[in-house]
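Enquirer: Okay, here's the prediction I keep looking at, along with the sequence it came from:
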Amino acid sequence: MNIEKMREEFEEALIAMHVSTGLPRSTAKAMVEVKCNGQYASPSTMGAWWAWQASRAAIEVELPVEDDTRCDTVAEEARQEAYNQGVGECRFAIESLGLKVKA
């Protein structure tokens with residue numbers, strides 16, 4: 001996941017949290033105002049952004065290894081190909097969330 005997408009998710013979550021506590025949406029949106037240097041104007045939002053990124057960086061998912069055994073039949077090859085494709089798609093989905101996959 002690129003940093004812009006991660007920041008967008010963070011801001012949506014932070015605004016929703018503030019609104020759920022009764023803060024007007026306009027005030028909650030002001031909490032995610034970004035200065036020209038790319039940092040948040042609010043120190044508390046800056047701290048929450050740091051924590052959001054750190055929490056994502058700390059998660060590492062272990063996927064099953066791809067199957068590279070020798071196949072004797074077409075059916076085994078098809079099963080192996082589908083399995084490996086599934087592992088690859090899981091890797092892509094996990095990484096698109098900004099999480100790491102163990103190598």
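Expert: On my side now, so go ahead. Predicted model, so just to flag it, every value in this text is computed and none were measured.
Enquirer: domain parsing for the chain?
Expert: The chain breaks down into these domains under automatic domain parsing: 1-58, 60-103.
Enquirer: Now render the ones you listed as JSON lines, adding mean pLDDT and mean neighbour count.
Expert: Just so you know, the C-beta spots here come from the backbone N, C-alpha and C atoms, and that holds for glycine as well. Below are the domains of the chain laid out as JSON lines (pLDDT from 0 to 100; neighbours: other Cβ atoms under 10 Å):
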{"stretch": "domain 1-58", "mean pLDDT": "92", "mean neighbour count": "13"}
{"stretch": "domain 60-103", "mean pLDDT": "93", "mean neighbour count": "12"}
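Enquirer: Do you have the strands of the protein handy? List them.
Expert: Under the criterion DSSP state E, strands of the chain are mapped to 60-61, 100-101.
Enquirer: for the first one, packing partners?
Expert: Helices and strands in packing contact with strand 60-61 are listed as strand 100-101; criterion 3 or more Cβ pairs under 8 Å, 6 or more residues apart in numbering; DSSP states H and E.
Enquirer: Go through the strands of the chain and name the closest to Ile3.
Expert: Judged by Cβ to Cβ, the one of the strands of the chain that comes nearest to Ile3 is strand 100-101, at 14.8 Å.
Enquirer: Need the residues that contact that closest one.
Expert: Residues from elsewhere that reach strand 100-101 (Cβ atoms under 8 Å, 6 or more residues apart in numbering): 57, 59-63, 91, 94-95.
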